[in-house]
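[1] Need a 3D model of the sequence below.
(2 chains)
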Amino acid sequence: MKHLLNKEWRLAASPLSYIFLIAALMTMLPGYPILVGAFFICFGIFHSFQNTRETNDTLYSALLPVSREDIVRAKFLFTAVLQMIGFAIASILTAVRMTLLSTALPYVNNAMMNATPLYLAFMLIIFCAFNLLFVGGFFKTAYKIGLPFLAFGIAALLLISLAETLHHLPGLAFLNAPAGEGLALQFGLLAAAAVLYILATILACHIAKIRFARLDL
Amino acid sequence: MSILEVKNLTKRYPSFLLDGVTFSLETGRIMGFIGRNGAGKTTTIKSIFRLVHPDAGDIRVFGLDMNTHEHEIKQRIGYAGGAVDFYKHKRIRDMVAVTRRFYDNWDDADYHRYLSLFSIDEAKTPLELSEGMRVKLSLTLALSHHAELLILDEPTSGLDPVSRAELSDVFLYLKNQGVSILFSTHVTSDLEKCADDIAYIAKGRLIAAEPLQTFLETSAAAGCGATLDDIMVHYEKERLL
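    Just a heads-up that it's a prediction; the model follows:
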């Protein structure tokens, strides 16, 4: 597996996948739907799958002395590592906003989603959607990337809209509060999202392995 | 001893049927796998590598079932499918640095020997090489891990006559080292110098699988022609009538 992962980093990955990790810095933007950063991180990873197709990486990998299951696992591992780097950056910045910058005027008067545990939870759910709809969808054919990305794009748009709407609904303002009693629930939701992310990624990987095993290359 | 056995290999596509292909390759021999374009050579080779899933048939390499011993078998075989078509924008050196790690028997000395023999500059990218040079690169990669069996799909297409002759010499050298080679081509003149056996496929069905000399003699006796080219043309015309 480590050799396959090495291949992902050195041959299959697009530099844009690394560059788009910068989108995690959107966590610091006031007055902006910061969850779009999670979408952009996934968009960066999408470029590596585009590269996979354009460099015939799938056929190259299938000819190596590795199993098809490991090829799929390596793609998911590559994806998850990048997502976790983006998530770690966003988590650090969220902690900064919630503590050191908690009284900064642009954040106090922010009408959009704040950087909170719920924001991080939604970030993980967007990653779930990417892994299930895009990465899982990619392995239906191992070359079509348009439709799976469109499906993910729609799901991400709906999730971002939901996240930006929830705290405007009566009685749900606490979901956007970076402090106070609502925080415990937000941390609970973050933990649930983390479990969901792990389960969804394992499920997506399992489905992708079945799909890829059946493919004629 | 058979190093490669293909039995009753069948694969159905909407517009093509690979129909019960059966042949075997003995250790230390070179088999030319001939047939016109679209005859089923690549489908057969892809089936051997499990790149496509046959509807029926049995494939054994080194006496092992590819379905259950894929990793072990792939360590011991080399594949070249014409020109290198992978990572065209990456430097050859970088591509090899990744590839070599997958093979327990990767031999850097052999790798550099073939680079030198084929005059390949590893600082270049495949995109900077001609079609023929990319074929040579593909062969270099296939030859550098001490493969006991080489499966080559149209390796000489795009090569100039001198390179093709060089390649025939390389194949004969490898054969003397005990390497077996299955070599698909529609350029039959490449085989006359180095092949021991012939497997001839037409429209998805195997016409013959026997020693080259036997194939030439029986075909000549049947009035099908004296050379592989003549025999192929004769059979293909007959099938069209």
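[2] Leaving out sequence neighbours, find the closest residue to residue B:129.
    Ranked by Cβ to Cβ, 6 or more residues apart in numbering or on different chains and with sequence neighbours excluded, the top spatial neighbour of residue B:129 is residue B:137, at 6.5 Å. (C-beta placed from N, C-alpha, C; glycine too.)
[3] Mind giving me the packing neighbours of the host helix or strand of the one you found?
    Using DSSP states H and E, residue B:137 sits in helix B:131-143. With contacts taken as 3 or more Cβ pairs under 8 Å, 6 or more residues apart in numbering or on different chains; DSSP states H and E, helix B:131-143 sits against strand B:77-80, helix B:92-99, helix B:108-117, strand B:149-153, helix B:161-176.
[4] and with 7 Å instead?
    Judged by 3 or more Cβ pairs under 7 Å, 6 or more residues apart in numbering or on different chains; DSSP states H and E, the packing partners of helix B:131-143 are strand B:77-80, helix B:108-117.
[5] Name the stretch among those that sits most buried.
    Most buried of these by mean neighbour count (mean count of other Cβ atoms under 10 Å in any protein chain shown) is strand B:77-80; its value is a mean of 23.
[6] do that one and chain A meet at all?
    Yes. Interface with chain A: strand B:77-80 contributes residue B:79 (Cβ under 7 Å from any Cβ of the partner chain).
[7] Each with direction, which strands does that strand pair with?
    Partners of strand B:77-80 in the sheet, by DSSP bridges, are strand B:149-153 (parallel).
[8] Give me the contact list for the strand it pairs with.
    Contact with strand B:149-153 is made by B:3-4, B:41-42, B:45, B:48, B:61, B:76-82, B:142, B:179-184, as judged by Cβ atoms under 7 Å, 6 or more residues apart in numbering or on different chains.
[9] picking up where we left off before, can you give me the buried ones in the helix holding residue B:137?
    Within helix B:131-143, the residues that count as buried by 16 or more other Cβ atoms under 10 Å in any protein chain shown are B:132, B:133, B:134, B:135, B:136, B:137, B:138, B:139, B:140, B:141, B:142, B:143.
[10] Then stretch A:185-196?
    A:186, A:189, A:190, A:193, A:196.
[11] Reformat the buried residues of helix B:131-143 as JSON lines; add distance to residue A:99 and pLDDT.
    Below are the buried residues of helix B:131-143 laid out as JSON lines (distance: Cβ to Cβ, whole Å; pLDDT from 0 to 100):
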{"residue": "B:132", "distance to residue A:99": "64", "pLDDT": "76"}
{"residue": "B:133", "distance to residue A:99": "60", "pLDDT": "83"}
{"residue": "B:134", "distance to residue A:99": "57", "pLDDT": "84"}
{"residue": "B:135", "distance to residue A:99": "61", "pLDDT": "80"}
{"residue": "B:136", "distance to residue A:99": "61", "pLDDT": "82"}
{"residue": "B:137", "distance to residue A:99": "56", "pLDDT": "87"}
{"residue": "B:138", "distance to residue A:99": "57", "pLDDT": "83"}
{"residue": "B:139", "distance to residue A:99": "61", "pLDDT": "82"}
{"residue": "B:140", "distance to residue A:99": "58", "pLDDT": "87"}
{"residue": "B:141", "distance to residue A:99": "54", "pLDDT": "87"}
{"residue": "B:142", "distance to residue A:99": "58", "pLDDT": "85"}
{"residue": "B:143", "distance to residue A:99": "61", "pLDDT": "85"}
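[12] Please render those residues as JSON lines that adds distance to residue B:226 to the earlier fields.
    Shown next, in JSON lines, are the buried residues of helix B:131-143 (distance: Cβ to Cβ, whole Å):
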{"residue": "B:132", "distance to residue B:226": "29"}
{"residue": "B:133", "distance to residue B:226": "34"}
{"residue": "B:134", "distance to residue B:226": "34"}
{"residue": "B:135", "distance to residue B:226": "29"}
{"residue": "B:136", "distance to residue B:226": "32"}
{"residue": "B:137", "distance to residue B:226": "36"}
{"residue": "B:138", "distance to residue B:226": "33"}
{"residue": "B:139", "distance to residue B:226": "30"}
{"residue": "B:140", "distance to residue B:226": "35"}
{"residue": "B:141", "distance to residue B:226": "37"}
{"residue": "B:142", "distance to residue B:226": "33"}
{"residue": "B:143", "distance to residue B:226": "33"}
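[13] Please report phi then psi for the closest residue to residue B:13 other than its chain neighbours.
    Spatial nearest neighbour of residue B:13, excluding adjacent residues (Cβ to Cβ, 6+ apart): residue B:43 at 8.0 Å. As for residue B:43, its main-chain torsions (degrees, to the nearest 10) stand at phi -60, psi -40.
[14] Spit out the contact partners of residue B:43.
    Neighbours of residue B:43 in contact, by Cβ under 7 Å, 6+ apart: B:11, B:18, B:52.
[15] Dig out what the first one forms beta bridges with.
    Beta-bridge pairing of residue B:11 under DSSP bridges involves residue B:18.
[16] neighbours around the closest residue to chain B within chain A, how many?
    Taking Cβ to the nearest Cβ, chain B has its nearest neighbour within chain A at residue A:65, 3.6 Å off. Other residues near residue A:65 number 17, with proximity taken as other Cβ atoms under 10 Å in any protein chain shown.
[17] Is it in a helix, a strand, or coil?
    Of the three states, residue A:65 takes coil according to DSSP: H, G, I helix; E, B strand; the rest coil.
[18] looking at chain A, which helix or strand does the model trust least?
    Ranked by mean pLDDT, DSSP states H and E, the weakest helix or strand in chain A is helix A:105-108, scoring a mean of 83.
[19] Report the buried residues of it.
    Buried residues in helix A:105-108 (16+ other Cβ under 10 Å): residue A:107.
[20] ok, now how distant is the residue nearest the centre of chain B from chain A?
    Closest to where the C-alpha atoms of chain B average out (Cα atoms, centre = their mean) is residue B:152, at 2.2 Å. As for residue B:152, its distance to chain A is 13 Å (criterion: Cβ to the nearest Cβ, to the nearest Å).
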